[in-house]
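Enquirer: got a sequence here, can you build the structure:
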Amino acid sequence: MKLNTPMTRRESIKKMLRISSGIALSATASLASPLSAPAAKKSGMIIEGVGKTDGYSIKTLTRNVFDAAGGINRFISKGDVVVIKPNISWAKKPEFAATTNPDVLAAVVELCREAGAKKIRIADNTIHDARRCFALSGAGKIAKETGAELVYPRSSMMKEMKITGNRLDGDWPVFVPLVEADKIINLPVAKSHSLSTLTLGMKNWIGGVDGNRWGLHQNIHETIVDLARFFKPTVTLIDAIRIMTRNGPSGGSLSDVKTKNTLILSEDPVAADAVATKLFGLKPEKIGFIRLGQKRGLGTYDLDKLNKKRVVL
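Expert: Sure, this is the predicted structure:
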């Protein structure tokens, strides 16, 4: 039939019957061969690194975890201004697991340097006096050794910004380096928390704001998700080399600490927290902020939807 020739009613009916038959055959074939449907494509990744060899290198484990994800250059580009957000809020030594392990922090700084980052800053709005936190946590020493800039959280470094969500809806003083960076690496330590059960990656963002932070702990699970949606890090690396299993978030006794020799890396903040939850013998869906994080589209705790890799050193 020529394209410029009008289609008759009979021809139209015949064409419709041919299309209907094709659809019916296709549907029949699908019903007859249910196993032939392609598997759902997995998106995102979760890397779990575990140090099992006596005397293993924490820095090497950190590097291997990033390598398993495609290398540091997957996240950091030449010329980037990178901010690393550890949890160094407490004036405690590393062995108490209240703060991010300094060896992990050093390894991440070195990797960013190798990737060609123009500037690397370490930033956390501490709870205890910042200078004491920097000294006791080891962050000050790491900054000096690696050349990273350790940002002191003075009031002039805070900027009023609008944060909206289910719990927060208004202006909050935000730690400026975290919003001016080209890339942010969230680097929390895994530990217990008296109000939120655990403090992991998403909870780490309470250290990204100032103001009435104690007020943020009211309806804390909603607060955590609101802040996580605001900051949106490039990647999260959870330090679970040592974890604090009770009396968190500040702890203070070595009896509160267990050695897990584990690192967890993901671009999905919900998934990262979900994997860390299991180190405490808990189910992700039982933790309020993890459940809310998935509900509000931050990620998933259904780990079967992600590409999973395990690195053992």
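Enquirer: so which strand or helix has Cys112?
Expert: helix 102-114 (DSSP states H and E).
Enquirer: name the helices or strands packed onto that helix?
Expert: helix 58-68, strand 81-86, strand 119-123, helix 139-146, strand 183-187, strand 235-244 (3 or more C-beta pairs under 8 Å, 6 or more residues apart in numbering; DSSP states H and E). C-beta coordinates here come from the backbone N, C-alpha and C atoms, glycine included.
Enquirer: got JSON lines for those, with mean neighbour count too?
Expert: Formatted as JSON lines, the helices and strands packed on helix 102-114 follow (neighbours: other C-beta atoms under 10 Å):
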{"stretch": "helix 58-68", "mean neighbour count": "20"}
{"stretch": "strand 81-86", "mean neighbour count": "25"}
{"stretch": "strand 119-123", "mean neighbour count": "23"}
{"stretch": "helix 139-146", "mean neighbour count": "18"}
{"stretch": "strand 183-187", "mean neighbour count": "24"}
{"stretch": "strand 235-244", "mean neighbour count": "26"}
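Enquirer: of those, which is nearest Leu198?
Expert: strand 235-244 (9.4 Å; C-beta to C-beta).
Enquirer: any idea of the mean pLDDT in that closest one?
Expert: Strand 235-244 carries an average pLDDT of 98.
Enquirer: other SSEs contacting it?
Expert: helix 58-68, helix 102-114, strand 183-187, strand 189-193, strand 257-266, helix 269-278.
Enquirer: what's the second one in contact with?
Expert: For helix 102-114, contacts defined as C-beta atoms under 8 Å, 6 or more residues apart in numbering pick out 58-59, 62-63, 66, 72, 76, 80, 82, 84, 86, 94, 120, 122, 137-139, 141-142, 145-148, 185, 187, 237, 239, 241, 263.
Enquirer: switch the cut-off to 7 Å
Expert: Residues outside helix 102-114 that contact it (C-beta atoms under 7 Å, 6 or more residues apart in numbering) are 58-59, 62-63, 66, 72, 76, 82, 84, 86, 94, 120, 137-139, 141-142, 145-146, 148, 185, 187, 237, 239, 241, 263.
Enquirer: just stretch 52-66 next, same as before
Expert: 47, 49, 51, 72, 101, 103-104, 106-108, 111, 241, 263, 265, 311-313.
Enquirer: can you tell me the distance between the two ends of it?
Expert: One end of stretch 52-66 to the other measures 18 Å (C-alpha to C-alpha, to the nearest Å).
Enquirer: now a PyMOL select for only the buried ones of the contacts of stretch 52-66.
Expert: Here is the PyMOL selection string for the buried members of the contacts of stretch 52-66, based on 16 or more other C-beta atoms under 10 Å:
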select buried, resi 47+49+51+72+101+103+104+106+107+108+111+241+263+265+311+313
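Enquirer: so where is the chain shaky, pLDDT-wise?
Expert: By pLDDT under 70, the low-scoring segments of the chain are 1-41.
Enquirer: could you redo the last one with a cut-off of 80?
Expert: By pLDDT under 80, the weakly predicted segments of the chain are 1-43.
Enquirer: in which helix or strand would I find the closest residue in space to Met202 that isn't next to it in sequence?
Expert: Ranked by C-beta to C-beta, 6 or more residues apart in numbering and with sequence neighbours excluded, the top spatial neighbour of Met202 is Ala228, at 4.1 Å. Using DSSP H and E, Ala228 sits in helix 220-231.
Enquirer: now do Cys133
Expert: Using DSSP H and E, Cys133 falls in helix 130-137.
Enquirer: output the helix holding Cys112 as PDB, restricted to C-alpha atoms.
Expert: In PDB, the C-alpha atoms belonging to helix 102-114 read as follows (Å, rounded to 0.1, in the frame of the first residue of the first chain):
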ATOM      1  CA  PRO A 102      43.100   7.900  62.300                       C
ATOM      2  CA  ASP A 103      44.700   5.200  60.100                       C
ATOM      3  CA  VAL A 104      41.500   5.100  58.000                       C
ATOM      4  CA  LEU A 105      41.400   8.900  57.900                       C
ATOM      5  CA  ALA A 106      45.100   9.000  56.800                       C
ATOM      6  CA  ALA A 107      44.500   6.500  54.000                       C
ATOM      7  CA  VAL A 108      41.500   8.400  52.600                       C
ATOM      8  CA  VAL A 109      43.500  11.600  52.600                       C
ATOM      9  CA  GLU A 110      46.400   9.900  50.800                       C
ATOM     10  CA  LEU A 111      44.000   8.400  48.200                       C
ATOM     11  CA  CYS A 112      42.500  11.800  47.500                       C
ATOM     12  CA  ARG A 113      45.900  13.200  47.100                       C
ATOM     13  CA  GLU A 114      46.800  10.500  44.600                       C
END
